[in-house]
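Undergrad: Quick check, what structure comes out for this input:
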Amino acid sequence: MATGIRNTENTAQGQEQIEVFGARVHNLKNIDISIPKNKLVVITGISGSGKSSLAFDTIYSEGQRRYMETFGAYARQFIGDMERPDVDKITGLSPVISIEQKTTNKNPRSTVGTVTEIYDFLRLLFARIGEAYSYNTGKRMVKWSEEEIVENIFTKYKNKKIVLLAPLIRGRKGHYRELFEDIRKKGFLKVRVDGEIKDIVPKMHVDRYAIHDIELVVDRLQVADDLKARLSQSVQQTLKLGKDLMFLLVDDSKFVQYSKLLMCEDTGISYEEPSPNAFSFNSPYGACPSCKGLGTKHQINMEAVITDSSLSISEGGIAPLGEERDAWVFRQAKEAAKKHKISLTVPVGKLPAKQLNVMLYGNEDGEQAEADFENAKFDPSAPFEGVINMLYRWFANPYSEAIREWTEDYMTIKPCESCGGARLKKESLWFKVNGRNVAELGNMNLDNLAAWFDGIELMLDNKQKGDCKRCFKRDKGKITVFAGCRAYLSFIEQAF
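TA: The predicted model follows:
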């Protein structure tokens, strides 16, 4: 048979079937066939044998045509008439569905999680309830509201003298004459410069070549019940001037930081408020800046660059240069060798390390040049950049696809050293839910990920449950968190 399907005339009596009589669409030669219902049926055959003609152009087309005929005349005028396939008769036909045939996406940025959209749920989950930890100390970061800051000050420092400071300059050089004059005109009297409180005077400035920390003294008071309203107003103003960050000087000795942003109490580093894009390796807001969200980087394979150390440079000891010839690259290499008194006839393995580094890296230290290879442009008048840097430049900004493929012969793919293959920037990896970051969940198989979701609602506090209330589902008083995530996981799990 042209379709590769076995004729099922001997099928047991009473079994429901789709029966096709006299199919003549395209390559089909007056085919009669019976296909059992409620079974998985595979149509096989060589190319051009009529598989698609039977499945799509005959059975599916006739089923779709019959469905359209159930519409009223008014609706059919917008759809148009569908041509009946070239077949004598089809019986036992049910409503039909056709799923598009397409190949698997081989984009290196696509994963099972992104294709199935499970990763979108995870990104939203971490943006809503992820707990931030400091990448310096590993401690949980804190975030204060204005009311919490006031209450914390009254709880910890009651009856003590405090100074409220708004940071204006942190670790920067300059004389800041205009800054001092501006805050003086606004009515402020004192500033704290490099740890010392000073009066603001006309034409005030600091050493422009030194690094400075400058904080504005917003208020000085003693923490007491009758001054709580004043403290609240001062905290509000300090946070506004300090862009959601304020310092507290207690009894002229203890220094405390408060922030409305996520902040590490020990080191003072802060994170931006998380958004779903911050956990996407396909977004510049979340991708690792080193590998651009790929998780891997192409690195030079020195064994491929120097395959035989017994050969000299002229004989092709440095493989990308090849043997000595009249080519621009080799002419430039010869100029560099002449300048540094490097022999082209001595085996590469016997060259001093500094001389070999000049040919490979363009300098005697053996360090790769710090350059933006993606935007690097060819400069014929520039000094010899070294074979390694030349390969990186051609790979990142190739003149043709053939050159890129050629450079890949001298490279190997390794996990990114900055993110460890996690694809995300450092800050994103320090947001965790129940002790795991989003990259760790993304590396799980579906069984383990589904098991991780089971019972996670018991690990959340009331604030997290409130932040993720859109994902909640109530069933007879019981809250089931992440109902959407879990239901989607179950569907994908069955599909795989």
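Undergrad: quick one: Ile35 is in a strand?
TA: Yes - judged by DSSP: H, G, I helix; E, B strand; the rest coil, Ile35 forms part of a strand.
Undergrad: State the distance from it to Glu62.
TA: Distance of Ile35 to Glu62, given as C-beta to C-beta, to the nearest Å: 13 Å. C-beta coordinates here come from the backbone N, C-alpha and C atoms, glycine included.
Undergrad: With neighbour numbers in mind, choose between the two.
TA: The neighbour count for Ile35 versus Glu62, taken as other C-beta atoms under 10 Å, is higher for Glu62 (21 against 18).
Undergrad: Could you pull up the residues touching the residue nearest in space to the middle of the chain?
TA: The centroid of the chain falls nearest to Phe281 when counting by C-alpha atoms, centre = their mean (1.0 Å). Taking C-beta atoms under 8 Å, 6 or more residues apart in numbering, we find Phe281 in contact with Arg109, Ala287, Cys288, Gly293, Leu294, Gly295, Arg423, Leu424.
Undergrad: Name the spans of the stretch 301-450 of the chain whose pLDDT lies under the cut-off.
TA: Within the stretch 301-450 of the chain, the ranges that satisfy pLDDT under 70 run 369-381, 398.
Undergrad: Helices of that one, residue ranges please.
TA: Assigned helices in the stretch 301-450 of the chain, in chain order: 302-305, 328-339, 353-361, 387-396, 401-408, 438-442, 446-453 (criterion: DSSP state H, counting those that start in this stretch).
Undergrad: I'd like the next helix or strand past the helix or strand harbouring Glu151.
TA: Assigned by DSSP states H and E, Glu151 belongs to helix 146-156. Downstream of helix 146-156, the next assigned helix or strand under DSSP H and E is strand 161-173.
Undergrad: helices and strands around whatever helix or strand comes next after that next one, which ones?
TA: Going down the chain from strand 161-173, the next helix or strand is helix 177-185, by DSSP H and E. Judged by 3 or more C-beta pairs under 8 Å, 6 or more residues apart in numbering; DSSP states H and E, the packing partners of helix 177-185 are strand 161-173.
Undergrad: For the residue nearest to the centre of the chain, which three-state class applies?
TA: Three-state assignment for Phe281 (three-state DSSP): coil.
Undergrad: Now it, what are its backbone angles?
TA: phi -80, psi 0 (degrees, to the nearest 10).
Undergrad: And Lys37, by the same measure?
TA: The phi and psi values for Lys37, taken as degrees, to the nearest 10, are phi -80, psi 160.
Undergrad: What sits closest to it if chain neighbours are left out?
TA: Glu16 (4.4 Å; C-beta to C-beta, 6 or more residues apart in numbering).
Undergrad: ok, the one you found touching Lys39?
TA: No - using C-beta atoms under 8 Å, Glu16 makes no contact with Lys39, being 10.0 Å away.
Undergrad: What distance do you get for Leu294 to Lys414?
TA: Distance, Leu294 to Lys414, using C-beta to C-beta: 11 Å.
Undergrad: These two: which has the busier surroundings?
TA: Leu294 (18 against 12).
Undergrad: Give me the neighbour count for the residue nearest to that one when sequence neighbours are not counted.
TA: Nearest residue to Leu294 in three dimensions, chain neighbours excluded: Pro108, at 5.9 Å (C-beta to C-beta, 6+ apart). If you count neighbours by other C-beta under 10 Å, Pro108 ends up with 10.
Undergrad: Could you break the protein into its assigned domains?
TA: 17-91, 146-260, 296-415, 432-495 (automatic domain parsing).
Undergrad: and the end-to-end length of the first one?
TA: Put plainly, it is domain 17-91. 8 Å (C-alpha to C-alpha, to the nearest Å).
Undergrad: From the chain's centroid, how far away is that domain?
TA: With C-alpha atoms, centre = their mean, to the nearest Å as the basis, domain 17-91 stands 45 Å off its chain's centre.
Undergrad: same thing with the third one?
TA: Counting by C-alpha atoms, centre = their mean, domain 296-415 is centred 32 Å from the centre of its parent chain.
Undergrad: Could you work out the end-to-end span of it for me?
TA: Here the two ends of domain 296-415 are set 4 Å apart, with distance taken as C-alpha to C-alpha.
Undergrad: now the second one
TA: This stretch, domain 146-260, spans 8 Å end to end (C-alpha to C-alpha).
Undergrad: average pLDDT across it?
TA: For domain 146-260, mean pLDDT is 89.
Undergrad: Strands along the stretch 101-250 of the chain, start to end?
TA: Taking DSSP state E, counting those that start in this stretch as the test, the strands found in the stretch 101-250 of the chain are 131-132, 161-173, 190-193, 196-199, 211-222, 245-250.
Undergrad: If Gln299 is in a bridge, with which residues?
TA: Per DSSP bridges, the residues bridged to Gln299 are Thr412.
Undergrad: Quick check: the gap between it and Phe384.
TA: Look at Gln299 and Phe384: by C-beta to C-beta, they are 21 Å apart.
Undergrad: Which of these two has more residues huddled nearby?
TA: Phe384 (21 against 13).
Undergrad: quick one: contacts for that one?
TA: Applying C-beta under 8 Å, 6+ apart to Phe384 gives the contacts Gln332, Ala333, Glu335, Ala336, Val358, Gly362.
Undergrad: And these, which of them are buried?
TA: Among the contacts of Phe384, those scoring as buried are Gln332, Ala333, Ala336, Val358, Gly362 (criterion: 16 or more other C-beta atoms under 10 Å).
Undergrad: Quick check: closest non-adjacent residue to the first one.
TA: Spatial nearest neighbour of Gln332, chain neighbours left out: Phe384 (5.1 Å); criterion: C-beta to C-beta, 6+ apart.
Undergrad: Equivalent analysis for the third one, please.
TA: Once flanking residues are discounted, Ala336 sits nearest to Phe384: 3.7 Å by C-beta to C-beta, 6+ apart.
Undergrad: how much space between that neighbour and Ile33?
TA: Distance of Phe384 to Ile33, computed by C-beta to C-beta: 72 Å.
Undergrad: Likewise for Val438?
TA: To Ile33, Val438 is 51 Å away according to C-beta to C-beta.
Undergrad: Which one's more surrounded, the two?
TA: Taking neighbours as other C-beta under 10 Å, Val438 and Ile33 compare with Val438 leading, 28 against 22.
Undergrad: Is that one in contact with Phe431, as I believe?
TA: Yes - counting by C-beta under 8 Å, Phe431 is a contact partner of Val438 at 7.2 Å.
Undergrad: Quickly list what's touching both of these two.
TA: Common contact partners of Val438 and Phe431 (C-beta under 8 Å, 6+ apart): Phe126, Gly130, Phe279.
Undergrad: For the last one, grab the count of nearby residues.
TA: Residue crowding around Phe279 was assessed by other C-beta under 10 Å; the count is 28.
Undergrad: Also the second one?
TA: Each residue near Gly130 was counted by other C-beta under 10 Å, and the total is 22.
Undergrad: Identify the residue spatially nearest to it, adjacent ones excluded.
TA: On the basis of C-beta to C-beta, 6+ apart, the spatially nearest residue to Gly130 that is not a chain neighbour turns out to be Phe431, at 3.6 Å.
Undergrad: Can you convert the buried ones among the contacts of Phe384 into TSV and add a column each for distance to Glu178?
TA: Converted to TSV, these look like this (distance: C-beta to C-beta, whole Å):
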residue	distance to Glu178
Gln332	50
Ala333	53
Ala336	50
Val358	49
Gly362	44
